[in-house]
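[1] can't give you the sequence, but here's the structure:
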């Protein structure tokens, strides 16, 4: 009986020792897990900060209202369109299309004109210009797109010249309509928007003053 009790004591001691070792391991692993989770939270926090900066960009820094941002985009379009006439004259059809499509797709000219028209004294007048301008931009883009596929040994061929003349007409209409729209904008807002547009670098395209 004593031997049995003695044997049991040895077994219990060994088991208790194993439990203590296991508890120590659990504590170590728990601490390591906490440290790992802490590092993970820090990394995720930093990543989230970078994502916010990347998405927000200059607009968040300047805290512009949606209305002011829309006007800025319209003024940027006017600036982006300035060199297009020269591209058409030189037969640089791809460069002309790049700037035209940058206004309609990247700067979302139609959408921003619609947004800003809502605060005009006569919103309907702004919307009408927007609708006409959208059609002119579509026709102008087609006029500089077609010549790309017309063979030309040197310079602008007679067949390309036909589309070039159309492109010139649409370009003049587009710039006049943009001017008419911006004439409806209060002078103080317009000056501020053009000043901000001049500060910004548009890396996707070449903007020439």
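    Thanks, I have the structure now. Keep in mind that what you see is a predicted model, and the values were worked out from it rather than measured. Residues are numbered from 1 along each chain as shown.
[2] distance between the ends of stretch 151-160?
    End-to-end distance of stretch 151-160 (C-alpha to C-alpha, to the nearest Å): 9 Å.
[3] can you list the buried residues in it?
    By 16 or more other C-beta atoms under 10 Å, the buried positions in stretch 151-160 come out as 156, 160. Bear in mind the C-beta positions are built from the backbone N, C-alpha and C, glycine included.
[4] ok, residues contacting that stretch?
    The contact list for stretch 151-160 (C-beta atoms under 8 Å, 6 or more residues apart in numbering) reads 91, 147, 150, 164.
[5] same question for it, mean pLDDT?
    Taken as a whole, stretch 151-160 has a mean pLDDT of 92.
[6] re earlier: any quick PyMOL command for the buried ones out of the contacts of stretch 151-160?
    Remark: buried members of these, expressed as a PyMOL selection using 16+ other C-beta under 10 Å:
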select buried, resi 91+147+164
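[7] make CSV out of the contacts of stretch 151-160 and add secondary structure and distance to residue 107.
    Converted to CSV, the contacts of stretch 151-160 look like this (DSSP: H, G, I helix; E, B strand; the rest coil; distance: C-beta to C-beta, whole Å):
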residue, secondary structure, distance to residue 107
91, coil, 25
147, helix, 24
150, coil, 29
164, helix, 25
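[8] just send the contacts of stretch 151-160 back as a markdown table, with distance to residue 131 too.
    Formatted as a markdown table, the contacts of stretch 151-160 follow (distance: C-beta to C-beta, whole Å):
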| residue | distance to residue 131 |
| --- | --- |
| 91 | 30 |
| 147 | 27 |
| 150 | 31 |
| 164 | 26 |
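[9] looking at the contacts of stretch 151-160, which is nearest residue 127?
    Nearest to residue 127 among the contacts of stretch 151-160, counting by C-beta to C-beta, is residue 164 at 31.3 Å.
[10] just checking, the closest one touches residue 88?
    Yes - assessed by C-beta atoms under 8 Å, residue 164 is found in contact with residue 88 at 6.1 Å.
[11] show me which of the contacts of stretch 151-160 is closest to residue 188.
    residue 164 (39.3 Å).
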